[in-house]
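Asks: Output the structure for:
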Amino acid sequence: MSQEWNLRSRAHVCSICQKPLEDRTTVTSVLKEVPGGYERRDCHPGCWATETRDWEPFSQWDGVYLAPVKEEKKEALKKEDAGELLRKLMTLDDPAMKNVVYVLAVMLERSKILVERDTKPQEDGTILRVYEDRHNGDTFVILDPRLRLENLGEVQQQVVALLSGTKTLGEVSAEEEAGETAEPQTA
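Replies: Presented below is the predicted three-dimensional model:
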């Protein structure tokens, strides 16, 4: 299901009136379900309140818009951090990495980098969690794989190995696929 791996950046202009969003002001963010994924809309709260629409949002929240800050050049060989690794995994769209993606998101939530904005139970019993990056406003829609406690240690070791560079994405993906096929099936 490709909807599990969506990343949407915050807009810098209101999606309704097209006027720029101002630094440190309230912004209403909305996810709309569209074929093949989600469309993110960021707008002034007043524009959102007065807009007429024939659809209901998948998710909606208010936040504070922070204007982008020009970053200094990074070191050429900088070790990947958890946020960068999460973004890379989201773009790869590898279902075998769902456990690693979820653990990274929880790590970033506990570090107060991501904030959970919404949860959406699905018909098949799974849960999609909507996270927003507090610093740049990017939105992540992540499947909660319902990890069992006995599997958590292994996934945490994989995350540490990826962050430290001792394992590649391919090696961890192969481990995940092998672990899923070895788990007993329940009826």
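
Asks: contacts, neighbours, all on C-alpha from now
Replies: Will do.

Asks: Can you list the helices and strands that the longest strand seen in the chain packs against?
Replies: Counting by DSSP state E, the longest strand found in the chain is strand 25-34. Where contact means 3 or more Cα pairs under 8 Å, 6 or more residues apart in numbering; DSSP states H and E, strand 25-34 is packed against strand 37-43, helix 45-50, strand 59-65.

Asks: Quick check: can you name the pairing partners of the last one and their directions?
Replies: So the one you mean is strand 59-65. strand 25-34 (antiparallel) (DSSP bridges).

Asks: Can you give the contact residues for the strand it pairs with?
Replies: 21, 38-45, 48, 56-66 (Cα atoms under 8 Å, 6 or more residues apart in numbering).

Asks: Next, give phi and psi for residue 116.
Replies: phi -80, psi 120 (degrees, to the nearest 10).

Asks: can you check residue 127 too?
Replies: Residue torsions, per degrees, to the nearest 10, at residue 127 are phi -130, psi 130.

Asks: Report the beta-bridge partners for it.
Replies: According to DSSP bridges, beta-bridge pairing links residue 127 with residue 121, residue 144.

Asks: and it, what is it in contact with?
Replies: With contact taken as Cα under 8 Å, 6+ apart, residue 127 is in contact with 119, 120, 121, 143, 144, 145.

Asks: try 7 Å this time
Replies: 119, 120, 121, 143, 144 (Cα atoms under 7 Å, 6 or more residues apart in numbering).

Asks: could the residues you listed be laid out in TSV, adding distance to residue 10, pLDDT and neighbour count?
Replies: TSV is the format used below for the contacts of residue 127 (distance: Cα to Cα, whole Å; pLDDT from 0 to 100; neighbours: other Cα atoms under 10 Å):
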residue	distance to residue 10	pLDDT	neighbour count
119	19	93	17
120	21	92	14
121	24	91	12
143	21	90	23
144	23	90	19
